[in-house]
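**Q** Okay, predicted coordinates and the sequence, questions at the end:
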Amino acid sequence: MNKIQYALLLILMCMQAPAFSQDTYQFKNALMVTSPQRYGREALYTDHLAYQLYTGQLKTPAEGASFGNGDNGQPLVWQAVTADSANRLFRRGGGRGAFGRGAYMYLTYQSDKAGTALLNIKGNSGLYFNGEPHTGDPYSSGWLYIPVQLKKGLNEIYVRGAMITASLSFPAKSLSLITEDPTMPAIVIGGKNDALQGAVVVMNSSSKEWKGLEFRVTVQGKQVTTTIPSIPSMSSRKVPFSFDGSAVNAAGKPECSITLLDKGKIVDETKITVDAVTPADKYSSTFISQIDGSLQYFAVTPQLNGPKKGSALFLSVHGAGVEAIGQAKAYQSKDWGTLVAATNRRPRGFNWEDWGRLDALEVLNIAKQEFQPDPQHIYLTGHSMGGHGTWFLGATYPDKWAAIAPSAGYPTLKGYGSADGLVPDSSNSPMEQMLLRSGNQSDVIKLVQNYKPLGVYVFHGDADRTVSVNYARQMRKLLGEFHPDFSYYEYPGGEHWFGDISVDWKPIFDFFKWHNRPLDTAVHTIDFITSNPGISASFRWASIQQQQHPLQYSRIKLDRNRTGKTISGSTENVRVLRLDLSDFASGSDVKLSIDGTEITHNTTNGPLYLLNTNGKWAVHSQPSLAEKGPHRYGTLKDAFNNRMIFVYSTGGSKEENEWSFNKARYDAETWYYRGNGAVDIIADKDYALDKYKDRGVIIYGNKSINKAWNILLSNCPIQIERNKVSAGGKQWTGEDLSAGFVWPLTGSDIASVGVVGGSGLTGMKAAYANQYFAGASGFPDFMIYKAKMLMTGVDEVKMAGFYDNQWKLNDAEMIQGN
């Protein structure tokens, strides 16, 4: 399904009136206002309504009542809206654009008693239910159900969105199975099907944490039991289960019976179907992701007449709204290779950046192990958002591919908007420039020289009104200035999608067949650019281990002469350089000339590490893993990896601890929606380093309320306490301070701790926003700000920047505000 088809499907879904049971309440009326807000792909955000809510200044809405003034001074008032025949709430005559991205709706529900309900809202970016934050469903997927606690009397909901549908349902059970969003593999007839894995959502709408639950799953008489991780109160979790499909011997859709058990007692049960396919059919395969331990899938278009070791491998990355299996089905099988389609974690996911990038790499590695392709015949292609993914992954990892082929793609998100907001291109504010520096790796225009060693085929319809052909023409112009090996074709009359040939274009695969990925021994010239060695550090036999200035662009230009036993070249913004000398004869002396420094090194000493001190290079030992390096380079987002856990506080006041748990749950909801993910949420008193060794940690709160703080952050130069935040020799006081920062996990060489907190309830609430889950959003190592940032923007950011390579605060790598 292409982008336009997906949009049409959403419209049809909205137009069809859902069949609600008598236990469902449909919201038919709301109040609506334009509230100034900015949620872009960066750490900085503003939201006037949220600020008033957090500080207790928000007045109960009433029709015609003033909310305040807009950015241009115009008065803003609450307006009444009523649902149309499809139960959509929006302002008549203006549609979504009448309020734009800055709209809030106010819904109310009168309950005759306290209890629980499931809230389902489509078309929103987020919401507050009785002040508690919850994630939204901006793409109107429909399967997001949020358990909420009803108060007796008035319940208030503030919804960020301009066109929504909203309902409450009242579950008969406190534990239930939700099967509208399954992750399932296909049963490939004749394959190894006795240990397959799927996943469905378990909903806990009770006030207690559930532990010790089990799945019992049966497919054609084969039964398997799986233990379920704990499910926190008033939350849901997508949980993997094992099943045995070996009894299925014919293509079709066999039933999979799923029973939820509590100490052997049936709590809920349901049935779903599984695709059973022949070996020649396209199919889905699942795996446990090392990002978070959740179950993900990829799709396969098998090689014609079965996979053959040493054949080619094609990685295809899909467009927005497209499932990976749909992407795979758009291709005909090739006789010379297998095609695999990664998911980006969701049909929209992360734009193939951040965790979408990691998903693509996980799938690539699994496919290499499973299909054992020729390493010199690995190719990358994708359409629309996947065209962007092709440009991005191609520039970020230029040594992984023999050739790439972006179709209908845009190179960078800076000029292409989405529901997550635009990426600002520049700013006159030094503080915002520092914040934007965090996202430098997303700007593939700055990395364009990295395409030089790749074959590049650019394909675009010349009548594309979704992604303008001007993006392709922009890249043609840039490549034409230096690239020796690219092809370009505009399909006459081609719109965004003009059938399967939009991706399965024969000249692309002919182009691929003509291109091989050279062996490392045959590559003697390197010209490589990166802004973040934690994302991309290496090209062939050279690696940027550390930068002089974190997340600024670094470049290495090197020439190698194996016969003459020399390496010469220049560097920009490189502090530590690693050179693999194994292609030279063992025991030989290699002469190096780097930035004018002459060095001779014997190859018997293994890889060579060079340290740049004031422009002079010298032989150096391998940096300690305690320092920054490709294994762990920082930014707050790096902590959301390595099967991370969320740790909430129990050592504060009732209100502080409620904030901490609510924030952890909100982040978990968002991670599930955006990344098809699952995460362990635990109390601070249950955390121990040895129990969760090498797992990333997100800690919520501050030193005064979170009992795990001293275990994780006692040696961190940034500290948050009640009414105080300190960083190095700087200190700020008040209860309205917020902070987000990263720190290496004690005792781990790979994992990090991410801190989200504040000095008091106002500061903590100002940290509710989680734009770190937006694809390509840039977050620095640390950022300290006042809650008033939500009103006035960057002027209220007090400090932001990056640690140096020893994880120390360095004035040269940060900006301090007023």
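**A** Everything's here; your move.

**Q** Now do the phi/psi pair for the residue nearest to Gln57 when sequence neighbours are not counted.
**A** Nearest residue to Gln57 in three dimensions, chain neighbours excluded: Tyr51, at 7.7 Å (C-beta to C-beta, 6 or more residues apart in numbering). Placement of C-beta: from N, CA and C, glycine included. Listed backbone geometry of Tyr51 is phi -60, psi -40, with angles given as degrees, to the nearest 10.

**Q** Run a quick neighbour tally on Arg348.
**A** Residues contacting Arg348 under the criterion other C-beta atoms under 10 Å number 24.

**Q** er, Lys308 I mean
**A** Using other C-beta under 10 Å, Lys308 is surrounded by 16 other residues.

**Q** just the one 3 residues further on next, same as before
**A** For Ser311, the tally of surrounding residues (other C-beta under 10 Å) stands at 17.

**Q** show me where the stretch 51-200 of the chain has strands.
**A** Assignment of strands within the stretch 51-200 of the chain using DSSP state E, counting those that start in this stretch yields the ranges 66-69, 75-77, 79-82, 103-111, 115-122, 126-129, 132-135, 146-150, 153-160, 165-169, 175-183, 187-188, 196-204.

**Q** Need the winner for burial among these.
**A** Highest mean neighbour count among the strands of the stretch 51-200 of the chain (mean count of other C-beta atoms under 10 Å): strand 187-188, with a mean of 26.

**Q** Parallel or antiparallel, list what pairs with that one.
**A** Looking at strand 187-188 with DSSP bridges, its partner strands are strand 276-277 (parallel).

**Q** heading toward the C-terminus, what's the first helix or strand past the partner strand?
**A** Scanning the chain past strand 276-277 towards its C-terminal end, the next helix or strand to appear is strand 283-288 (assignment: DSSP states H and E).

**Q** Just the buried residues of that next one, please?
**A** By neighbour count on 16 or more other C-beta atoms under 10 Å, the buried set for strand 283-288 is 283-287.

**Q** Distance to Ile556 added to the strands of the stretch 51-200 of the chain, as TSV?
**A** Written out in TSV, the entries for the strands of the stretch 51-200 of the chain read as follows (distance: least, C-beta to C-beta, whole Å):
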stretch	distance to Ile556
strand 66-69	52
strand 75-77	53
strand 79-82	57
strand 103-111	48
strand 115-122	49
strand 126-129	42
strand 132-135	41
strand 146-150	49
strand 153-160	44
strand 165-169	53
strand 175-183	41
strand 187-188	44
strand 196-204	42
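
**Q** now those strands as JSON lines including mean pLDDT?
**A** As requested, the strands of the stretch 51-200 of the chain are arranged in JSON lines below (pLDDT from 0 to 100):
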{"stretch": "strand 66-69", "mean pLDDT": "92"}
{"stretch": "strand 75-77", "mean pLDDT": "94"}
{"stretch": "strand 79-82", "mean pLDDT": "97"}
{"stretch": "strand 103-111", "mean pLDDT": "97"}
{"stretch": "strand 115-122", "mean pLDDT": "97"}
{"stretch": "strand 126-129", "mean pLDDT": "98"}
{"stretch": "strand 132-135", "mean pLDDT": "98"}
{"stretch": "strand 146-150", "mean pLDDT": "98"}
{"stretch": "strand 153-160", "mean pLDDT": "98"}
{"stretch": "strand 165-169", "mean pLDDT": "98"}
{"stretch": "strand 175-183", "mean pLDDT": "97"}
{"stretch": "strand 187-188", "mean pLDDT": "98"}
{"stretch": "strand 196-204", "mean pLDDT": "98"}
